[in-house]
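Engineer: Sharing a sequence plus its predicted fold:
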Amino acid sequence: MLKFLTPFIASLALVACSQNTSSPSDETDWQTILSEQGLAAAETALMETASTPDTHFVLGAIQFLRASEAIMQVRYQNSTTPLAMIPGMRNDLPYNPDARFDPAFIEHAMTEALTHLARAEASLAQAAGETFEVDVLLPAIWFDINKNGTRDEWETLVAVMEQLNATPEEAFDGIIQFDSADAHWLKAYVHVMSGMAELTLATDPTPAIRTVFEERRAMNALGDVRGMFLDNDTIDTLAAVLLTLRGVPDQTRTQAAHAHFRNMIAENRAFWTAVMAETDNTREWLPNPTQTSAFGVEVTEDMATGWQDVLVEIEQLLEGETLVPYWRYNNGFNAETGVGVNVAKFLQDPGDMDIILWIHGAGAVPYLERGDLAKMEAWDRFSRMTAGDGLMFAAWFN
């Protein structure tokens, strides 16, 4: 069983040296290019192939992976320190002695990622709902993180998965067959990552990072700076985060994020409708209860149904039908109704995110309402039925 899957890792395991069961000879050139020259060259080759549902799927998958590659490339050029809160920046990267830190690195990474994700969304729109099957060899994937055009061992998919403690079990032979249902699954992930990138850019982190970076450099010029209770890097990160949250986010981007998250729900439901109707059982990526996963992981009927209940809870928050309980009101433990924050209203018309204002309540006031409170009971049930692996299955299920 996979040890642990994050949304980032689930997104990685999508494309490689593929065999189209309908016309494998058409795939040979781009397969070789992908393995030897990388994602960018493979994308170019695929764009010159016949326009079919399977090529649209693989093209969309490659474009999605290029978004992850772009983020890691920017990190490697600037700072290899993992940033768990930023999409695609959780894994460790080797130290780069030639790195030159730019306070705008997060902005650059997310902006470039969104360009690739938009292309992926357009490609997948031509594959979703169509019939196709594509065999995928995961070990052929690599990311040109250092931009030298050469496949280094630490840049392979396997190496990246090991960094995130997400290596498959030994019995897995590296091949997965993706089909029509999986186009919806991948579209859902495109929307997840796009929404996270939009939210990151909505807060405009560059000015805060620049302030912390330049003033820390000025402090260092006067002598050794001590971290006291926290190390220096943690203090710098915390200061940058708190500064970033000050002020009003970009409404256009929060609205875009909201739309992406809602579309994620719709595509995820479309996936489960399609996969539950499948009768084959061939190297499945995410199986229905009568199929077997290529990884050897079982999905039961209760798990599939339980995840649909989780989607309902998330959708209710995104639609403003339920509220996030606010700490300054005595709503009571497991209260059905009370005072809480309308997340949908905030994403549509965001206000000042200054943490002090939100702790006090002044920042939350425009979004406080009395109504049904979100309790996430379905998530609790799902966590129990997956024997403590709720996060892993949630990342896999999307």
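Structural biologist: Yes, it's here.

Engineer: What ranges does the protein have for its strands?
Structural biologist: 17-20, 133-137, 175-179, 324-325, 337-341, 368-372 (DSSP state E).

Engineer: out of these, nearest to Val310?
Structural biologist: Minimum separation from Val310 across these (CB to CB) falls at strand 324-325, 15.9 Å. The way it works is simple: take the backbone N, C-alpha and C, and place the C-beta from them, glycine included.

Engineer: List the contacts of the closest one.
Structural biologist: With contacts defined as CB atoms under 8 Å, 6 or more residues apart in numbering, strand 324-325 is touched by 317, 331, 335, 338-341, 343, 373-374.

Engineer: Count the neighbours of the closest residue to Ala122 other than its chain neighbours for me.
Structural biologist: Of all residues not flanking Ala122 in the chain, Gly60 sits nearest, at 7.9 Å (CB to CB, 6 or more residues apart in numbering). Neighbour count of Gly60, defined by other CB atoms under 10 Å: 28.

Engineer: so who does Gly60 touch?
Structural biologist: 119-124, 127, 183, 186-187, 190.

Engineer: nearest to Ala67, of the residues you listed?
Structural biologist: Closest approach to Ala67 among the contacts of Gly60 (CB to CB): Ala120, at 7.1 Å.

Engineer: The residue nearest to the closest one when sequence neighbours are not counted and Glu36, how far apart?
Structural biologist: Counting by CB to CB, 6+ apart, the nearest residue to Ala120 once its immediate chain neighbours are dropped is Gln63, at 3.8 Å. Distance, Gln63 to Glu36, by CB to CB, to the nearest Å: 19 Å.

Engineer: Same check on Pro207?
Structural biologist: 42 Å.

Engineer: Could you work out the most separated pair of the contacts of Gly60?
Structural biologist: Pairwise over the contacts of Gly60, using CB to CB, the maximum falls at Arg119 and Ala183, 15.1 Å.

Engineer: who has more neighbours, these two?
Structural biologist: Each of Arg119 and Ala183 has its neighbours counted (other CB under 10 Å); Ala183 has more, 29 against 20.

Engineer: what sits against the more buried one?
Structural biologist: Applying CB under 8 Å, 6+ apart, we find Ala183 in contact with 53, 57, 60, 124, 127-130.

Engineer: Apply 7 Å and report the result again.
Structural biologist: Taking CB atoms under 7 Å, 6 or more residues apart in numbering, we find Ala183 in contact with 57, 124, 127-128.

Engineer: Tell me which of these fall in helices.
Structural biologist: 57, 124 (DSSP state H).

Engineer: between the contacts of Ala183, which has the most around it?
Structural biologist: When neighbours are taken as other CB under 10 Å, the top entry among the contacts of Ala183 is Phe57 (29 neighbours).

Engineer: my read: that residue touches Val134, true?
Structural biologist: Yes. Phe57 sits in contact with Val134 when judged by CB atoms under 7 Å, with a separation of 6.3 Å.

Engineer: Could you pull out the residues contacting both of the two?
Structural biologist: Common neighbours of Phe57 and Val134 (criterion: CB under 7 Å, 6+ apart): Phe178.

Engineer: residues of stretch 79-91 that come out buried?
Structural biologist: Residues of stretch 79-91 classed as buried: 79-80, 86-91 (neighbour count, 16 or more other CB atoms under 10 Å).

Engineer: Which single one of these is nearest to Phe213?
Structural biologist: Sorting the buried residues of stretch 79-91 by distance to Phe213 puts Ser79 at the head of the list, at 10.1 Å, by CB to CB.

Engineer: who are the neighbours in contact with that closest one?
Structural biologist: Applying CB under 7 Å, 6+ apart, the residues near Ser79 are 99, 101, 105.

Engineer: which stretches of the stretch 51-200 of the chain have low pLDDT?
Structural biologist: Within the stretch 51-200 of the chain, the ranges that satisfy pLDDT under 70 run 163-171.

Engineer: can you pull out the helices in it?
Structural biologist: Remark: helices assigned in the stretch 51-200 of the chain by DSSP state H, counting those that start in this stretch are 53-78, 105-125, 157-163, 180-202.

Engineer: If you count neighbours, what's buried in the third one?
Structural biologist: If you call a residue buried by 16+ other CB under 10 Å, then helix 157-163 has these buried ones: 157-158, 160-161, 163.

Engineer: and if you look at the second one?
Structural biologist: Buried positions in helix 105-125, judged by neighbour count with 16+ other CB under 10 Å: 105-110, 112-114, 116-117, 119-121, 123-124.

Engineer: if we can go back for a sec, possible to save the buried residues of helix 157-163 as TSV with distance to Asp309?
Structural biologist: As requested, the buried residues of helix 157-163 are exported to TSV (distance: CB to CB, whole Å):
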residue	distance to Asp309
Leu157	32
Val158	35
Val160	32
Met161	29
Gln163	33
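
Engineer: and Thr292, how far is that from Asp354?
Structural biologist: Thr292 sits 51 Å away from Asp354, going by CB to CB.

Engineer: partners of Val324 in the sheet?
Structural biologist: For Val324, the beta-bridge partners under DSSP bridges are Val341.

Engineer: coming back round to it: counting neighbours, go ahead and name the busier of Gln63 and Glu36.
Structural biologist: Neighbour count, other CB under 10 Å: between Gln63 and Glu36, Gln63 has more, with 25 against 14.

Engineer: wait, isn't that one in contact with Ala118?
Structural biologist: No. Contact between Gln63 and Ala118 fails when scored by CB under 7 Å: they sit 8.7 Å apart.

Engineer: what's the burial count for Thr305?
Structural biologist: Look at Thr305: counted by other CB under 10 Å, it has 15 neighbours.

Engineer: going forward can the numbers begin at 46, since that is how I track them
Structural biologist: With 46 as the first residue, the last one maps to Thr350.

Engineer: mind checking how far it is from Thr367?
Structural biologist: For Thr350 relative to Thr367 (CB to CB), the value is 20 Å.

Engineer: domain parsing for this structure?
Structural biologist: As assigned by automatic domain parsing, the chain contains the domains 52-248+295-344, 250-289, 364-441.
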